[in-house]
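Enquirer: here you go, sequence then predicted model.
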Amino acid sequence: MPKLLSDEELLSAIEDLLSGRIYVPRWLADDDISKPSIGSSNNTIRYNIVHDNGSNGLMTDYMPSQGNRFVYNLVFNHPNASCIFANNKGHLFANNTCGNNRNGIYLYVSKTTPETGDITVKNNIIANSGRYHFVVEKGVQGPIISDSNEYFPDDGNTFNWKDSVTNFEGWKRKSGGDAKSIVADPRLRAQVPQRAEDLALRGDSPAIGRGENLGPELGEALTVQTGPRGGLHTTKQSAKWDLGAVQHNP
């Protein structure tokens, strides 16, 4: 039987909907939101907050599921699943912040979606992954274009290229990507985030100004504001783009 929301939970859900955010309450942590699987193409999925969920944060599956853009999303605290779990072709994953998930980005193939490639991964922050920062399964055909990302930490076995587990330098050689990406502490407001604002960049973050300009259509980032209208709001990226979903406050 579906669980009824309390008045407090209902008001919180309404506020999140009005602000354009998605919030997954803790009481849903044991539910698998990936079933039943459906496919959808040519969408832009942005400004979502997905946390403390029992399954993957953002995912694609089944045909058709092509040409989607996942940008400026915050995904954290998924110890048993991935921040982004994706297959099929033509997707863009850019300026997302992934923290404290089992895996950062996981690209795969399946019986229903046997082809995965033409995928671009740029300007993301992937931090404190429990197992891998980036996984490309053996059956993935590619190409995979990955660059201008930030990973942390690199303990020697946090990247998996087609069943070959390696460190960041080995990942770059095997994948042929991430030439401009870095391994560094992104200096987020909190190492263990409890709310979306905890994933904002501190003033000394190496992610500031390290991003690739992806054009005006994708130039509206998130930012944290203080005062009576505090919380997350949208703002234009600076001339030099930041990595991740939340731009720093100058």
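Expert: All right, it came through fine. None of these values were measured; they are calculated from a predicted model.
Enquirer: check contacts around the nearest residue in space to Lys236 that is not next to it in sequence.
Expert: Residue nearest to Lys236 in three dimensions, not counting chain neighbours: Gly219, with 5.6 Å by Cβ to Cβ, 6 or more residues apart in numbering. In this view, the C-beta of every residue, glycine as well, is placed from N, C-alpha and C. By Cβ atoms under 8 Å, 6 or more residues apart in numbering, the residues touching Gly219 are 213, 236-237, 241.
Enquirer: can you pick out the most distant pair from the residues you listed?
Expert: Asn213 and Lys236 (11.6 Å; Cβ to Cβ).
Enquirer: top strand in this protein by residue count?
Expert: Using DSSP state E to assign secondary structure, the strand with the most residues in the chain is strand 74-86.
Enquirer: residues near the residue nearest to Arg202 when sequence neighbours are not counted, how many?
Expert: Counting by Cβ to Cβ, 6+ apart, the nearest residue to Arg202 once its immediate chain neighbours are dropped is Arg187, at 4.3 Å. With neighbours defined by other Cβ atoms under 10 Å, the count for Arg187 comes to 18.
Enquirer: of the contacts of Gly219, closest to Asn96?
Expert: Within these, distances to Asn96 taken as Cβ to Cβ reach their minimum at Trp241, with 13.4 Å.
Enquirer: can I assume the closest one is in contact with Ile208?
Expert: No - taking contact to mean Cβ atoms under 8 Å, the distance of 9.5 Å between Trp241 and Ile208 leaves them out of contact.
Enquirer: ok, those two, which is more surrounded?
Expert: Neighbours of Trp241 and Ile208, each counted by other Cβ under 10 Å, are more numerous for Trp241; the result is 24 against 21.
Enquirer: what residues are up against the residue nearest to Gly156 when sequence neighbours are not counted?
Expert: In space, not counting the residues next to it along the chain, Gly156 is nearest to Asn167; the distance is 4.6 Å by Cβ to Cβ, 6+ apart. Each residue near Asn167 by Cβ under 8 Å, 6+ apart is listed here: 154-159.
Enquirer: by mean pLDDT, which helix or strand of this protein comes out lowest?
Expert: Between all helices and strands in the chain, the lowest mean by mean pLDDT, DSSP states H and E belongs to helix 7-18, at a mean of 48.
Enquirer: and the next helix or strand past it?
Expert: Using DSSP states H and E, the helix or strand that follows helix 7-18 towards the C-terminus is strand 44-46.
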